[in-house]
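Chemist: Requesting a structural model of the entry that follows:
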Amino acid sequence: MTKAIIFDLDGTLLNTIDDIADSMNAVLKRHGLPLHTVAEYKLFVGDGAANLVKRAASDVPAVVLARLEAEYRAEYALRQTDKTAPYAGIPDLLSSLDRRGVKMAVLSNKPHDATLEVVAHFFPGIVFGAVIGQRPGYPVKPDPGGVFEILEIFDLPKKDVLYVGDTGADMRTAKAAGLKAVGALWGFRDNAELTANGADAFAEHPPDILQLV
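Modeler: Numbering: from 1, shown residues only. Alright, predicted model coming up:
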């Protein structure tokens with residue numbers, strides 16, 4: 001029986017891609033660097049802000065990348081709720097899980113402060129047992145460390161917990177932690193990537209998650 005679900009954030013609970021793209025493109029434009037489409041950003045995201053910047057500003061020296069990352073974080077802080085919204089069906093899904101007594105957590109490679117802020121902004125009525133973003137000194141997903149933190153907080157065995165995400169990194173995170181990996185097909189990546197990275201099950205739409213609980 002599923003007693004808890006760990007959710008990825010970007011591309012799983014929230015469609016954040018427009019605000020991410022706008023923020024990164026604003027920084028690139030400022031520095032006279034090529035801009036990218038939203039479709040390209042869907043492939044750039046998922047592995048933390050540093051990797052996003054590296055992919056968006058390829059062939060730029062490391063010292064410049066560090067400056068661009070700082071600018072991106074500042075720009076995103078100004079834009080992070082402009083166009084972002086929960087995917088259709090997500091608020092109802094979270095409310096249904098809450099009513100069933102299923103514990104919920106968020107584990108994201110988005111910077112930790114931004115993760116806390118957007119979760120609080122878009123899901124004010126939902127109680128998450130843990131909300132963890134990318135923190136200095138901690139490895140990003142697919143390292144399973146964040147999952148293990150959440151399992152300790154929930155005091156639950158792995159068999160009672162699902163992991164839901166939309167990228168290959170999410171699937172690898174779940175497998176590395178020994179959890180069942182559920183691929184969210186409404187997100188930023190496709191079935192082929194999720195399958196190749198070990199997805200155990202798929203959800204085409206958010207309500208489908210209820211059938212897996």
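Chemist: in stretch 54-67, what counts as buried?
Modeler: Buried residues in stretch 54-67, defined by neighbour count with 16 or more other CB atoms under 10 Å: 54-57, 60, 65. Glycine gets a C-beta too; all of them are placed from N, C-alpha and C.
Chemist: min pLDDT across those, which one?
Modeler: The pLDDT minimum for the buried residues of stretch 54-67 sits at residue 60, where the score is 90.
Chemist: so what's it up against?
Modeler: 33, 68 (CB atoms under 8 Å, 6 or more residues apart in numbering).
Chemist: Tell me the spacing between residue 212 and residue 161.
Modeler: Using CB to CB, to the nearest Å, residue 212 is found at 12 Å from residue 161.
Chemist: neighbour count winner among those two?
Modeler: Neighbour totals were compared for residue 212 and residue 161, and residue 161 leads with 24 against 15 (other CB atoms under 10 Å).
Chemist: what are the bridge partners for that one, then?
Modeler: residue 4 (DSSP bridges).
Chemist: Repeat that for residue 181.
Modeler: Here residue 181, judged by DSSP bridges, has bridge partners residue 163.
Chemist: roughly how far out does the longest helix that the chain contains sit from the chain middle?
Modeler: For the chain, the helix that runs over the most residues, judged by DSSP state H, is helix 62-79. On the basis of CA atoms, centre = their mean, to the nearest Å, helix 62-79 sits 19 Å off its chain's mean C-alpha point.
Chemist: Could you pull out the strands in this structure for me?
Modeler: 4-7, 14-15, 85-86, 103-111, 130-134, 161-165, 180-184, 201-203 (DSSP state E).
Chemist: Mind checking the ones you listed for the one nearest to residue 75?
Modeler: Among the strands of the chain, the nearest to residue 75 by CB to CB is strand 103-111 (12.3 Å).
Chemist: Just the buried positions in that closest one, please.
Modeler: 103-111.
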